[in-house]
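Participant: Please work out how this folds:
(chains A and B)
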Amino acid sequence: MYSKLKRPLTILIAEDDPDDRCLIQEAMRSLNIFDKIVFVENGQELMDFLQHCGQYQGQTVVPDMLMIDLNLPVKTGFEAIREIKNSRKLRRIPIIVLTVSGQKDVINAAYDLGISGYIKKTTSSEQFSAIMRQFAKYWFETVFLPTDILVET
Amino acid sequence: MVENQRSIIILMADDDDDDRLMAREALEEARCINDFRTVTNGEELLDYLNHRGKFSDPASSPAPGLIILDLNMPKKDGREALREIKADPRLRRIPIVVLTTSKAEEDVLRTYNLGVNSFIIKPVTFEQLVETMKSLALYWFQIVALPENG
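Facilitator: Numbers count the residues shown, from 1 in each chain, chains lettered A, B, ... in the order given. Take a look at the predicted model:
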């Protein structure tokens, strides 16, 4: 029998709206599975964090998962995702889009870039928490992440 | 929430007859009502997606909404099929979930680098497979929005 080694998990969330950040943070905290929940507020900060530069020079954390709003200032979510998927080091990190738009061409374009899930934002915190619980079950119990380590039990 | 879940086709590529059967039964047990189709190797998978060979009639190969992919298959293995699919602008948006017995860390890294959307290790028992299929179906058909094929 095999199982995943329990280890600290980090999620990096790119979200420019402070109310949405609040909603997301609360939902993520109540899951009780993340050691670190890191927020950045625009696409440039997102890239700086991942590439350990700018204000994040010296920062060494590599997130296990990215959650990205498409409507980000300075650098858009699309631009950031494109750069991430073009990076040999970063492309393996699963990307989840969490955004307002439900338009087909936007969804298609995001999956074309290689995302691993597209979630439309909801204003209801209960609904969002329910979504996140199932989301967490899939990604942290069912799925094997590139950063997971398997142990024989 | 997906109104017409049945219309989303799950296409599974796996060379093992028992594994294909178990997957079908697990999906049924998980109350997954999707149209479930299978191919037995990577070559068949690409033929299906490109409407070639025995799938040249497009009616016999409607586009899948999700692909479940084993890695170790004859003729063309899952890794090669994954590479081809994710390099094809027409096909690359289709979510692919690898479901394999391989526990090799190189396989996990390599498939994520190639653009797999999720990697799942085949559970040992049928009950666990049912739980896996429940979680997979909930995520891909209820939680996230899926792309639409051109």
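
Participant: Show me the beta-bridge partners of B:Ile67.
Facilitator: When assigned by DSSP bridges, B:Ile67 has beta-bridge partners B:Leu11, B:Ile96.

Participant: Tally up the residues packed near it, please.
Facilitator: A count of neighbours around B:Ile67, defined by other C-beta atoms under 10 Å in any protein chain shown, yields 26. For glycine as for every other residue, the C-beta is placed from the backbone atoms N, C-alpha and C.

Participant: show me what contacts it?
Facilitator: Residues in contact with B:Ile67 (C-beta atoms under 8 Å, 6 or more residues apart in numbering or on different chains) are B:Ile10, B:Leu11, B:Met12, B:Ala13, B:Leu45, B:Ile85, B:Ile94, B:Pro95, B:Ile96, B:Val97.

Participant: Can you pick out the most distant pair from those?
Facilitator: Spatial extent of the contacts of B:Ile67 (C-beta to C-beta) is set by the pair B:Ile10 and B:Ile85 at 15.3 Å.

Participant: which stretches of chain A aren't confidently modelled?
Facilitator: For chain A, the stretches flagged by pLDDT under 70 are A:1.

Participant: Report the spatially nearest residue to residue 52, omitting neighbours in sequence.
Facilitator: In the absence of a named chain, this looks at chain A. Nearest in space to A:His52, with sequence neighbours left out and distances taken as C-beta to C-beta, 6 or more residues apart in numbering or on different chains, is A:Gln59 at 5.3 Å.

Participant: wait, chain B
Facilitator: B:Leu46 (7.5 Å).

Participant: what helix or strand is residue 112 on?
Facilitator: As the question left the chain open, I've gone with chain A. According to DSSP states H and E, A:Asp112 maps onto helix A:104-113.

Participant: Chain B is the one I meant
Facilitator: Short version, using DSSP H and E: B:Tyr112 is in helix B:105-114.

Participant: Centre of the chain to that helix, how far?
Facilitator: Chain-centre distance of helix B:105-114: 16 Å, with C-alpha atoms, centre = their mean, to the nearest Å.

Participant: likewise stretch A:77-85?
Facilitator: 13 Å.

Participant: in that stretch, what counts as buried?
Facilitator: A:Gly77, A:Phe78, A:Glu79, A:Ala80, A:Ile81, A:Glu83, A:Ile84, A:Lys85 (16 or more other C-beta atoms under 10 Å in any protein chain shown).
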